[in-house]
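Student: next input, structure requested:
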Amino acid sequence: MQELDTVIALSRTQFAATALYHYLFVPLTLGLSVLLATMETIYVVTGRDIYRRMTHFWAKLFAINFALGVATGLTMEFEFGTNWSTYSHFVGDIFGAPLAIEGLMAFFLESTFVGLMLFGWGKLSRGKHLLVTYMVALGSNLSALWILVANGYMQKPIGSSFNPDTMRMELTSFTDLIFSPEAQAKFVHTSIAGYLTAALFVLGISAFYMLRGRHLELAKRSFRVAALFGLFASVGVISLGDALGFINGSAQPTKLAAMEGLWETAEAPAGFNLIAWPNQDEQRNDFELQVPYLLTPLVTHGFEESIPGVKDLVADAETKIRNGIPALTALRTLRENPDDAQALEQFEAHQDNLGYALLVQRYAEDVSQATDAQIARAAADTIPPVATVFWSFRVMVGTAFLMMAFLIVSVIYSLRDTLLEKRWLLRVAPWMIPVPFIANEAGWIVAELGRQPWTVYGQLPTWLSASTHSVEYMIFSLTGFVLLYTLFIIIEMFLMVKFIRLGPSEPAKAPVADSGPHRHSSQWSEI
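Tutor: Below you'll find the model as predicted:
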């Protein structure tokens, strides 16, 4: 058991490391693709050449990030089969469908049009080149959609049922899978977070140029577009984050309790723990600073509902484990005798809590003989690491409001055309570039660590999902991935810094002019 626990811990660490590395590239790709489409749209509408130069320059940085994002992302899909074979068997029919669609529909769409976007200057008309750029943005965001549909199922399984004959989850409704509220809210929230990431990236580099008096016209207009784009994105990411939190409150109450540091059930109207020191061993907060009456309306969008705490959730999990044990014992009987009608009836009566019985199987091979202590231990496992989730959530939210405040100030001074006078703002802007990356990583930790101890919430425990590799193999592969991905980060930083220092350069040719006279309104020409 100790070796198994080590293999599981190493498998989780490896996937977490590769995902966190990969997620450094993804948001910037999502956001820059849409920001490029925005800039080129302004160019096509107004005919102002500065926006063509802006699009061409930022597309170079997009291409660097896109290439390395693809390199880090491909590995993760293979990890499901190599390190998480039980998981792949259990939900492969469901999880594999959106991943396959992502590869066939979104990834190839995006990859094909990236080349046309980068090398189509002078070969395509303005309208056609703009369409290509829109296809790149569409492909990027479709990739995110299908990945998050798959992840949404892991967070809240929907549109499926368990088949005791095959021992697998089977898809019953593709529509329910796609339009799961969890998946859709997560998709929009994640995409907009990417837009915010790209906005601060462009804004920070533009401020760098203005501080040094280089490429001033391009930098000022890039700053303005990014600031306006980012401000709308910051409002969206905060409001959609609230919607996602509302959905998580009902779908994953254990995650919500960890996010808010709630050990006792909070009766309405509950106070919000602004700061706390969660103590998971003693199931209490050693210190907390509350804002009265704020938590209930934030979480429930009302003032009457109570919010379950950890202690009640553990008690509820213990009940579910006891109720799920008959389903697991019946399932074992059905594996030996599929025609046993009594066992089938028993399984169907208790199958909703089958996943909880699998939790106690970690401590009692024969779950029908599980002791009260073993059941209590399994029930305690249903609570994720509270302190890590609690503080990651506050880092994510705090940085979101910090970015929104900074963008409000940036928009004001940009529209007043006083940026060059506000040297302090230009000095701060480059330091804001890492902030959305920190927020994105913190959000990923909340989403994924907060789901523990499940790979598929309520159905498949993480301890049962991993492949049976040796400890030595896992150490070797983990070390290799960390070194390789660190190299990718170094390459990314080197290339980014190199091209940022070089600055904008002219495309070989402007896009071929569209037929007919080009017209634009005076209001667009002044942007």
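Student: ok, residue 30 - contacts?
Tutor: Contact analysis of residue 30 by Cβ atoms under 8 Å, 6 or more residues apart in numbering lists 140-141, 144, 190-191, 194-195, 197-198. All C-beta atoms are positioned from the backbone trio N, CA, C, and that covers glycine.
Student: give me the subset of those lying in helices.
Tutor: 140-141, 144, 190-191, 194-195, 197-198 (DSSP state H).
Student: which stretches of the stretch 251-400 of the chain have low pLDDT?
Tutor: Low-confidence regions of the stretch 251-400 of the chain, defined here as pLDDT under 70, do not occur.
Student: how about the helices of it, start to end?
Tutor: Along the stretch 251-400 of the chain, counting by DSSP state H, counting those that start in this stretch, helices occupy 253-260, 295-300, 310-336, 341-350, 354-360, 372-380, 386-415.
Student: hang on, the earlier thing: for the contacts of residue 30, which one is nearest residue 308?
Tutor: Of all the contacts of residue 30, residue 190 has the smallest distance to residue 308: 26.8 Å, by Cβ to Cβ.
Student: what sits against that closest one?
Tutor: 27, 30, 144, 148.
Student: distance of it from residue 451?
Tutor: Counting by Cβ to Cβ, to the nearest Å, the gap from residue 190 to residue 451 is 15 Å.
Student: again with residue 354
Tutor: 18 Å.
Student: kindly report the same for residue 105.
Tutor: Separation of residue 105 from residue 451 (Cβ to Cβ): 27 Å.
Student: now, of the ones in helices among the contacts of residue 30, which are buried?
Tutor: By neighbour count, with 16 or more other Cβ atoms under 10 Å, those hold 140-141, 144, 190-191, 194-195, 197-198 as buried.
Student: which residue ranges form the strands in the stretch 51-200 of the chain?
Tutor: For the stretch 51-200 of the chain, strands defined by DSSP state E, counting those that start in this stretch occupy the ranges 160-163, 168-171.
Student: which of those sits closest to residue 131?
Tutor: Across those, closest to residue 131 is strand 168-171 (Cβ to Cβ), at 34.4 Å.
Student: can I get the CA coordinates of the closest one in CSV?
Tutor: Provided in CSV are the C-alpha atoms of strand 168-171 (Å, rounded to 0.1, in the frame of the first residue of the first chain):
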residue,chain,number,x,y,z
ARG,A,168,-17.3,1.6,-17.6
MET,A,169,-19.2,4.8,-17.7
GLU,A,170,-21.1,5.1,-21.0
LEU,A,171,-22.3,8.3,-22.7
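Student: return the set of buried residues in it.
Tutor: For strand 168-171, a neighbour-count test (16+ other Cβ under 10 Å) marks 169, 171 as buried.
Student: now for it, which elements pack on it?
Tutor: Other helices and strands packing on strand 168-171, by 3 or more Cβ pairs under 8 Å, 6 or more residues apart in numbering; DSSP states H and E, are helix 85-101, strand 160-163.
Student: and the longest one, what does it pack against?
Tutor: Meaning helix 85-101. When contacts are defined as 3+ Cβ pairs under 8 Å, 6+ apart, helix 85-101 packs onto helix 49-83, helix 126-155, strand 168-171, helix 174-178, strand 454-456, strand 460-461.
Student: let's go with 6 Å and repeat that
Tutor: When contacts are defined as 3 or more Cβ pairs under 6 Å, 6 or more residues apart in numbering; DSSP states H and E, helix 85-101 packs onto helix 126-155, strand 168-171.
Student: who's in contact with that helix?
Tutor: 80-81, 146, 149-150, 153, 160, 168-171, 455-456, 460, 464-465, 467 (Cβ atoms under 6 Å, 6 or more residues apart in numbering).
Student: if any of those residues are buried, put those into a PyMOL selection.
Tutor: Here is the PyMOL command that picks out the buried ones among the contacts of helix 85-101, judged by 16+ other Cβ under 10 Å:
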select buried, resi 80+146+149+150+153+160+169+171+455+456+460+464+465+467
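Student: tabulate the contacts of residue 190 (JSON lines), appending distance to residue 44 and pLDDT.
Tutor: Formatted as JSON lines, these follow (distance: Cβ to Cβ, whole Å; pLDDT from 0 to 100):
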{"residue": "27", "distance to residue 44": "26", "pLDDT": "91"}
{"residue": "30", "distance to residue 44": "22", "pLDDT": "92"}
{"residue": "144", "distance to residue 44": "25", "pLDDT": "87"}
{"residue": "148", "distance to residue 44": "31", "pLDDT": "90"}
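Student: mind putting these into TSV with distance to residue 368?
Tutor: Shown next, in TSV, are those (distance: Cβ to Cβ, whole Å):
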residue	distance to residue 368
27	48
30	49
144	44
148	39
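Student: farthest-separated two in the residues you listed?
Tutor: Greatest spatial distance among the contacts of residue 190 (Cβ to Cβ): 27 and 148, at 12.6 Å.
Student: the two: which is more packed in?
Tutor: residue 27 (28 against 24; other Cβ atoms under 10 Å).
Student: what residues are up against that one?
Tutor: Residue 27 makes contact with 193-194, 197, 440 under the criterion Cβ under 6 Å, 6+ apart.
Student: could you measure from it over to residue 34?
Tutor: For residue 27 relative to residue 34 (Cβ to Cβ), the value is 11 Å.
Student: re earlier: to residue 501, which of the strands of the stretch 51-200 of the chain lies closest?
Tutor: Of those, nearest to residue 501 by Cβ to Cβ is strand 168-171, at 50.6 Å.
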